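K.L.:
structure for this input, please:
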Amino acid sequence: MESGGDSSPGSAAMIPGVRVLVEVVLLSARGGGVCFRTVTGWLGTGEHPDAYARSLAGAGVGLLHSTSWRYAAGGIVLTYAALPDPDPAAPAEPVPDLPAVHGADPLAPSPAVVRPVDVAAHACRHLAFLRHTDPQVATHAGGALWTLLGGFAPAVAGRPPALVG
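P.N.:
Coordinates of the predicted model:
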């Protein structure tokens, strides 16, 4: 696919006709569990998704990590997990440890429905995996929120939960 000569991360925003929605799942520790809220915005022309995700997340976020992408809303949705939520008083929902959603056909892996809570649960499983496999993430893996994230079965998209020690 032609991308205007830019093959860097985030260059999908440069492909004519491709709309990119940046979705940030803000995670916090509340009431003995992990909670989330989501903020979104359409990526502007020439804007890098990482920078836009940082601006959506707000000041005070210690870690921002791209966790997934999907086709929805007439474009590509790039999802980032951000923690801790810089606004712990903002309304948020609990994140249950849900199984991964996927399509019924191995040649059509996109699920028919992806709920915000599914995206948040995936982000938690992804971070639980990365705390054991990514040194950059591991340096931020301390505190109550990370202890709670440790309760999620570590996994990445399209893979069953991993056994990590």
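K.L.:
tell me the contacts of G103?
P.N.:
Applying C-beta atoms under 8 Å, 6 or more residues apart in numbering, we find G103 in contact with P109, S110, P111, A112. Where you see a C-beta, it was placed from the backbone N, CA and C, and this is true even at glycine.
K.L.:
whoops, L145 was the one
P.N.:
Per C-beta under 8 Å, 6+ apart, neighbours of L145: L27, S28, A29, V34, L83, P84.
K.L.:
SS state for it?
P.N.:
Classification of L145 by DSSP: H, G, I helix; E, B strand; the rest coil places it in helix.
K.L.:
start the count at 11 instead of 1 going forward.
P.N.:
Let's use 11 as the start, then, which means that last one is L155.
K.L.:
nearest spatial neighbour of it, chain-adjacent residues omitted?
P.N.:
Excluding its sequence neighbours, the residue lying closest to L155 (C-beta to C-beta, 6 or more residues apart in numbering) is A39, at 4.2 Å.
K.L.:
could you verify my assumption that that neighbour touches G161?
P.N.:
No: using C-beta atoms under 8 Å, A39 makes no contact with G161, being 11.3 Å away.
K.L.:
pick out whichever of these two has more residues nearby.
P.N.:
More crowded of A39 and G161, by other C-beta atoms under 10 Å: A39, with 19 against 11.
K.L.:
which SSE is that one in?
P.N.:
According to DSSP states H and E, A39 maps onto strand 30-40.
K.L.:
which residues touch the nearest residue to G42 once chain neighbours are set aside?
P.N.:
Nearest residue to G42, sequence neighbours excluded (C-beta to C-beta, 6+ apart): L158, at 7.8 Å. Going by C-beta under 8 Å, 6+ apart, L158 touches A39, G42, G43, V44.
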